[in-house]
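*Asks:* Here's my sequence, what's the structure:
(chains A and B)
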Number of protein chains: 2
Amino acid sequence: VTDVLARLAANIQRPDEDARMAARERQAVLTKPAGSLGRLEDLSVWLAGVQGSCPTRPLERVRVVVFAGDHGVATTGVSAYPAAVTAQMVRNVLSGGAAVNALARLAGAQVRVVDMAVDADLSDLPADVGEHKVRRGSGRIDIEDALTRDEVERAFAAGLAIADSEIDSGADLLVAADLGIGNTTPAAALVGALTRNDASLVTGRGTGIDDATWMRKCAAVRDAMRRARPVLGDQLQLLATAGGADIAAMTGFLLQAAARRTPVVLDGVVSGASALVAQRIAFRAADWWVAGHLSSEPAHALALNRLSLDPLLDLGLRLGEGTGALLAVPLVKAAAATLAEMATFDEAGVSDRDDARHLDVRLDPTSDGLA
Amino acid sequence: VTDVLARLAANIQRPDEDARMAARERQAVLTKPAGSLGRLEDLSVWLAGVQGSCPTRPLERVRVVVFAGDHGVATTGVSAYPAAVTAQMVRNVLSGGAAVNALARLAGAQVRVVDMAVDADLSDLPADVGEHKVRRGSGRIDIEDALTRDEVERAFAAGLAIADSEIDSGADLLVAADLGIGNTTPAAALVGALTRNDASLVTGRGTGIDDATWMRKCAAVRDAMRRARPVLGDQLQLLATAGGADIAAMTGFLLQAAARRTPVVLDGVVSGASALVAQRIAFRAADWWVAGHLSSEPAHALALNRLSLDPLLDLGLRLGEGTGALLAVPLVKAAAATLAEMATFDEAGVSDRDDARHLDVRLDPTSDGLA
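*Replies:* Here you go, the predicted model:
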């Protein structure tokens, strides 16, 4: 398994530096003051790098993968909602009634739900929903491992396989999404453990919990972090100890997307925690991801900071399901559209600034990821 | 004229409070934790209010109106670009090569350019571009009025007429956009004068000017603000003294949209300055507007603060043309989609939180505009 991870990491390359430089040069001659599109310009440079193409290609096959799973820790009362909601919401997403569906329709994205560890019998659902299911509910991470070693390896491998199947079927932009009552608890524990922050700093209000529930959640996070400490050097074991099948699968998914040179929009704290674990496995992987938004979960900001990813939106979302990432998809498309469709000063017969000939086009071949 | 303004102000009503309350109640029973969509929920409440309908209707006819004009103050060297660029950019927008075109195509919006005071003979362009033209270039506001009294009244009336024509042809969401070398100088002067801030606090880098140019611009803003001080109580005279034909037209446009109960997405500092003047004419008008983004021009934040509008995006844009507003249009559409398309807990058979029956649905009939 260590070999598998090492091979995976070795397969993850840097985005195309030539395409990035070409995008920076092109942004400087498009009919607008250089730099006046702000972060949209940086985003277009990132997209050019991950696509290996300038101008960028339009994004026509955006796919959202919702990793669903229950968490034993939910039985300790860390959520405002009963655990039964996870299975109910899986059905809601499949019938098109969830927030992710409304936002995906608008963004022209397709939604796939993967049951990694929902604590319910969902065998009546389409076969591809449950084909990678590892178990019913991950273990209670405050007192026991979420997964056995065999289970975590299967969940991680499922993530690789899911990324492969999406990319093989033509996905040009992926959204990593989560669904599961209690899933912000393992996410907080992983972020706390990997960024060495106290449980009180990473524990958030999740679905909207009161103070007493927050204190219970904080204690569970602290216990899980204590259990995680001895295994921080072994990322798969860390996912088995303090993560869950959904998070392990998402971690594999993010890494395989990077290995396959396919860009990913991250969503909230659960994909942020998965990304943090994935970065430990392959430090270059984060170059292939963009942070869609900043959620109101405190661990999310800490994870993004460690990943050196600057979120595109800050709208106070805390829903998951890929909603924050989907809201950012039009921004990524907008970055592609401006780079590809705008006229240059020469083409449009527009005068450039008087001193433009002397301006340094800022090229920084040492910079990586999204500025 | 005072009668016209008073009648206009009296025609501007509050958004529909019943629809707003219905939207808040509906957000509380949709299949997600209450409040978990953050500002998207507030935006849906705003949209319900301005549409007078819950659920909201999809936004299918988004129209961008680009108010183009030159400013005499540009001859003092306050911009990095020559004034000839304004006319060249008008042609670039009409041929589809500008940033606004790329972003409008993506957002499904149509773009209209109105030449209010471009300092060029554009009579070869389609008739509707120049039908409201007031003069070639507004006056140099550091030493003279931008417009005569007759000109400002014609420009303001043009804005009313343009809003009417767009709304009569079916627009359901308007974007107020600007185009013109030097136009951030009058915008800064108006914001400085109306918010009582020093010229140095409202003067920005515009298209990207160096320190020496910034000092010249700051001096011009200070001179214009001194000239504006005696007429702060007469908004049309203020626009004539320190504004310009483009800004006067945009001010009328924003007010008539509000009077016609049609929502507007504001763009950068120029539409922000126009909105500030418009709010002085009709204090309820801002309820009909949403701030698309926060530009990097310092006067913009001051204007939005005074308008009590919280920008949806903060991406460091400083281009104008409606670009920041167009990037926010998908967020407004997303707010509508979630409110209209998501299933309720009852419909989807999803369990609500255990204490949901006891939760106060937060209704605040005294609150106005976007929270």
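*Asks:* Can you point out the buried residues in stretch A:222-241?
*Replies:* A:222-225, A:227-228, A:231-232, A:235-241 (16 or more other C-beta atoms under 10 Å in any protein chain shown). For the C-beta atoms, the positions are set from N, CA and C on the backbone; glycine is no exception.
*Asks:* Between all of the residues you listed, which two are at the greatest distance?
*Replies:* A:R222 and A:L236 (22.8 Å; C-beta to C-beta).
*Asks:* Next, A:V113: secondary structure please.
*Replies:* Following DSSP: H, G, I helix; E, B strand; the rest coil, A:V113 is assigned to strand.
*Asks:* in what helix or strand does the closest residue to it other than its chain neighbours lie?
*Replies:* Spatial nearest neighbour of A:V113, chain neighbours left out: A:V66 (4.7 Å); criterion: C-beta to C-beta, 6 or more residues apart in numbering or on different chains. Assigned by DSSP states H and E, A:V66 belongs to strand A:62-69.
*Asks:* what mean pLDDT does that strand have?
*Replies:* Mean pLDDT, computed over strand A:62-69, is 98.
*Asks:* Would you mind pulling up the elements that that strand packs against?
*Replies:* Helices and strands touching strand A:62-69, by 3 or more C-beta pairs under 8 Å, 6 or more residues apart in numbering or on different chains; DSSP states H and E, are helix A:84-94, helix A:99-107, strand A:109-117, helix A:149-168, strand A:173-179, helix A:245-259, helix A:323-341.
*Asks:* just checking, A:L122 is part of a strand?
*Replies:* No: applying three-state DSSP, one finds A:L122 to be coil, outside a strand.
*Asks:* residues near A:E25, how many?
*Replies:* 13 (other C-beta atoms under 10 Å in any protein chain shown).
*Asks:* you'd agree it is in a strand?
*Replies:* No: counting by three-state DSSP, A:E25 falls outside a strand, being helix.
*Asks:* any idea how far chain B is from it?
*Replies:* Remark: distance between A:E25 and chain B (C-beta to the nearest C-beta, to the nearest Å) = 17 Å.
*Asks:* Repeat that for A:K133.
*Replies:* For A:K133, the distance to chain B - C-beta to the nearest C-beta - is 21 Å.
*Asks:* Counting neighbours, what do you get for the residue nearest to that residue when sequence neighbours are not counted?
*Replies:* Distances taken as C-beta to C-beta, 6+ apart put A:D115 closest to A:K133, at 5.1 Å, once the chain neighbours are dropped. Counted by other C-beta under 10 Å, the residues lying close to A:D115 total 28.
*Asks:* does A:D115 really touch A:A127, like I thought?
*Replies:* No: at 10.9 Å, A:D115 and A:A127 do not qualify as touching, with contact defined as C-beta atoms under 8 Å.
*Asks:* Give me the common contacts of the two.
*Replies:* Residues touching both A:D115 and A:A127 (C-beta atoms under 8 Å, 6 or more residues apart in numbering or on different chains): there are none.
*Asks:* Highest mean neighbour count out of the helices and strands packed on strand A:62-69?
*Replies:* helix A:245-259 (a mean of 31; mean count of other C-beta atoms under 10 Å in any protein chain shown).
*Asks:* how distant is that helix from the center of its chain?
*Replies:* Mean-position distance between helix A:245-259 and its chain equals 9 Å (C-alpha atoms, centre = their mean, to the nearest Å).
*Asks:* can you dump the C-alpha coordinates of it into CSV?
*Replies:* The C-alpha trace of helix A:245-259 is given here as CSV (Å, rounded to 0.1, in the frame of the first residue of the first chain):
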residue,chain,number,x,y,z
ALA,A,245,-15.2,5.8,4.5
ASP,A,246,-16.6,8.9,2.8
ILE,A,247,-13.5,11.0,3.7
ALA,A,248,-11.1,8.2,2.7
ALA,A,249,-12.8,7.9,-0.7
MET,A,250,-12.8,11.6,-1.2
THR,A,251,-9.1,11.7,-0.4
GLY,A,252,-8.4,9.1,-3.1
PHE,A,253,-10.7,10.9,-5.5
LEU,A,254,-8.8,14.2,-5.1
LEU,A,255,-5.4,12.5,-5.6
GLN,A,256,-6.5,10.6,-8.6
ALA,A,257,-8.0,13.7,-10.2
ALA,A,258,-4.6,15.4,-9.7
ALA,A,259,-2.8,12.5,-11.2
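*Asks:* Can you pull out the low-pLDDT segments for the stretch 251-371 of chain A?
*Replies:* Residue ranges of the stretch 251-371 of chain A with pLDDT under 70: A:354-371.
*Asks:* And the helices in it?
*Replies:* A:269-281, A:298-307, A:323-341, A:345-348 (DSSP state H, counting those that start in this stretch).
*Asks:* is chain B contacted by the longest one?
*Replies:* Yes: applying C-beta under 8 Å from any C-beta of the partner chain, one finds that helix A:323-341 is in contact with chain B at A:T323, A:L326, A:L327, A:P330, A:L331, A:K333, A:A334, A:A337, A:T338, A:A340, A:E341.
*Asks:* Likewise for the last one?
*Replies:* Yes: remark: helix A:345-348 sits within contact range of chain B at A:E347, A:A348, by C-beta under 8 Å from any C-beta.
*Asks:* Not counting that helix itself, show me its contacts.
*Replies:* Applying C-beta under 8 Å, 6+ apart, the set of residues contacting helix A:345-348 is A:V29, A:L30, A:T31, A:S351, A:D352, B:Q88, B:R91, B:N92, B:S95, B:G97, B:A98.
*Asks:* So which of those wins on neighbours?
*Replies:* Using other C-beta under 10 Å as the neighbour criterion, B:A98 leads the contacts of helix A:345-348 with 32 neighbours.
*Asks:* Next one: that residue from chain A, what distance?
*Replies:* 6 Å.
*Asks:* Can you spell out which helices and strands pack onto the helix or strand where A:M225 lies?
*Replies:* Using DSSP H and E, the element containing A:M225 is helix A:211-228. With contacts taken as 3+ C-beta pairs under 8 Å, 6+ apart, helix A:211-228 sits against helix A:184-195, helix A:199-202, helix A:235-242.
*Asks:* Show me the one of these that comes nearest B:V202.
*Replies:* helix A:199-202 (38.4 Å).
*Asks:* Tell me the buried residues in the closest one?
*Replies:* The neighbour-count check on helix A:199-202 (16+ other C-beta under 10 Å) flags A:A199, A:L201, A:V202 as buried.
*Asks:* cool, and stretch A:212-224?
*Replies:* Per 16+ other C-beta under 10 Å, stretch A:212-224 contains these buried residues: A:T213, A:W214, A:R216, A:K217, A:C218, A:A220, A:V221, A:R222, A:D223, A:A224.
*Asks:* now, which of those sits nearest B:T195?
*Replies:* Looking across the buried residues of stretch A:212-224 and measuring by C-beta to C-beta, the closest to B:T195 is A:W214, at 40.3 Å.
*Asks:* hang on, isn't the closest one packed against A:G208?
*Replies:* No: at 10.4 Å, A:W214 does not count as touching A:G208 under the criterion of C-beta under 8 Å.
*Asks:* With distance to A:V134 as added columns, please give the helices of the stretch 251-371 of chain A in JSON lines.
*Replies:* Shown next, in JSON lines, are those (distance: least, C-beta to C-beta, whole Å):
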{"stretch": "helix A:269-281", "distance to A:V134": "15"}
{"stretch": "helix A:298-307", "distance to A:V134": "24"}
{"stretch": "helix A:323-341", "distance to A:V134": "24"}
{"stretch": "helix A:345-348", "distance to A:V134": "55"}
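*Asks:* Looking at those helices, spot the one closest to B:V175.
*Replies:* helix A:323-341 (14.2 Å).
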